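**Q** what follows is a protein structure lacking sequence information:
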């Protein structure tokens, strides 16, 4: 290509050397890290408070919830490591923050608030409606937010995951799940 051919191409912005996350992204990641650790701690506390029946299997009812809380703590540790690495990268780059990096993003905040409310509603109706129905509706709602153009795929994935998880927990792991409005 000659220089005249290059001049006809649209101008593209070259990637910035030393790319870094905006500072508000670090605050968001820090809040998510604290929330994850708080949920993991609360979940572990409630798990350890579960009564252990006199006649039970050797592992008791606490093993699966302990694995879940351990996974949450592992996710928290990985998020903390990533956050620590991001802060070090920001200290090493002395680039001034652009105004768009420090502004509040209302759309993202509303999306996080909506997802949080949707999850809270899922927990509220879980016992009443049952695992399968509430999980299908919950996952379909979330998938519709992130993959709005494919409702059939969203419905199929949500239904497949809910029934697959139900089969795994009820038939393989012998975990009782709320049946709710369904007879099984």
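**A** Right, received. Where do you want to start? Keep in mind that what you see is a predicted model, and the values were worked out from it rather than measured. Numbers count the residues shown, from 1 in each chain.
**Q** quick one, phi psi at residue 181?
**A** Main-chain torsions, residue 181, degrees, to the nearest 10: phi -90, psi -10.
**Q** what does residue 147 give?
**A** Torsion angles at residue 147 (phi, psi; degrees, to the nearest 10) stand at phi -140, psi 60.
**Q** what residues sit buried inside the strand or helix carrying residue 113?
**A** Per DSSP states H and E: residue 113 is located in helix 106-129. Under the neighbour-count criterion of 16 or more other Cβ atoms under 10 Å, helix 106-129 has 122, 126, 129 buried. Using the backbone N, CA and C atoms, a C-beta is placed for each residue, glycine as well.
**Q** identify, from the residues you listed, the entry nearest to residue 113.
**A** Distances from residue 113 to these, taken as Cβ to Cβ, are shortest for residue 122 (15.0 Å).
**Q** what about the closest residue to the closest one other than its chain neighbours, neighbour count?
**A** Nearest residue to residue 122, sequence neighbours excluded (Cβ to Cβ, 6 or more residues apart in numbering): residue 138, at 4.2 Å. If you count neighbours by other Cβ atoms under 10 Å, residue 138 ends up with 20.
**Q** so residue 138 touches residue 123, yeah?
**A** No. The pair residue 138 / residue 123 is not scored as a contact, 9.4 Å apart, by Cβ atoms under 8 Å.
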